[in-house]
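Undergrad: Predicted model and sequence follow; I will ask about them next.
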Amino acid sequence: MGIRRLAALALLALLVACAEPLPPARTAYAGQWFADKMRLEITTDGYVSYERRSEHGKTTINAPIQEFVGDDFTVGFGPFRTRFVVSKPPRLGMRTSRNIKSGDSF
């Protein structure tokens, strides 16, 4: 295994280890959402996997949730962060779409 691959795996392990479980009041955020050319997954252990495809390429985010700010949440590691803006917070059992990240509807 090459040194770069080993370093990448070590960094990935560090990122996963930094995730903290979702607080009890935020467990409704856990789940998978799909939209046209987009996918969002939030795990109960506080990790986010986001992918968006466009004609200009692909945006991928795989990182822990750093904090909740109101209904929004910030994802990233250190200075590399992005905020997911939530217009309507999820509720347990909720099946309707809601806007998350750049006005995309899930």
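TA: Perfect, I can see it now.
Undergrad: tell me the SS of residue 27?
TA: Per DSSP: H, G, I helix; E, B strand; the rest coil, the local secondary structure of residue 27 is helix.
Undergrad: Please work out how many residues are found near it.
TA: 14 (other CB atoms under 10 Å). All C-beta spots, glycine's among them, are computed from the backbone N, C-alpha and C.
Undergrad: and if you look at residue 2?
TA: The tally of other residues near residue 2 (other CB under 10 Å) stands at 7.
Undergrad: for the chain, what's the longest strand?
TA: As assigned by DSSP state E, the longest strand anywhere in the chain is strand 57-69.
Undergrad: what about dumping the CA coordinates of that one to CSV?
TA: Taking Å, rounded to 0.1, in the frame of the first residue of the first chain, the C-alpha atoms of strand 57-69 are listed here in CSV:
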residue,chain,number,x,y,z
GLY,A,57,-18.9,18.4,-12.2
LYS,A,58,-19.6,16.8,-8.9
THR,A,59,-19.6,18.2,-5.3
THR,A,60,-19.0,15.6,-2.6
ILE,A,61,-18.9,16.1,1.2
ASN,A,62,-18.1,13.3,3.6
ALA,A,63,-17.5,14.8,7.0
PRO,A,64,-18.8,14.9,10.6
ILE,A,65,-21.4,17.4,11.8
GLN,A,66,-19.6,20.1,13.8
GLU,A,67,-22.5,21.9,15.2
PHE,A,68,-26.2,22.7,15.0
VAL,A,69,-27.1,26.4,14.7
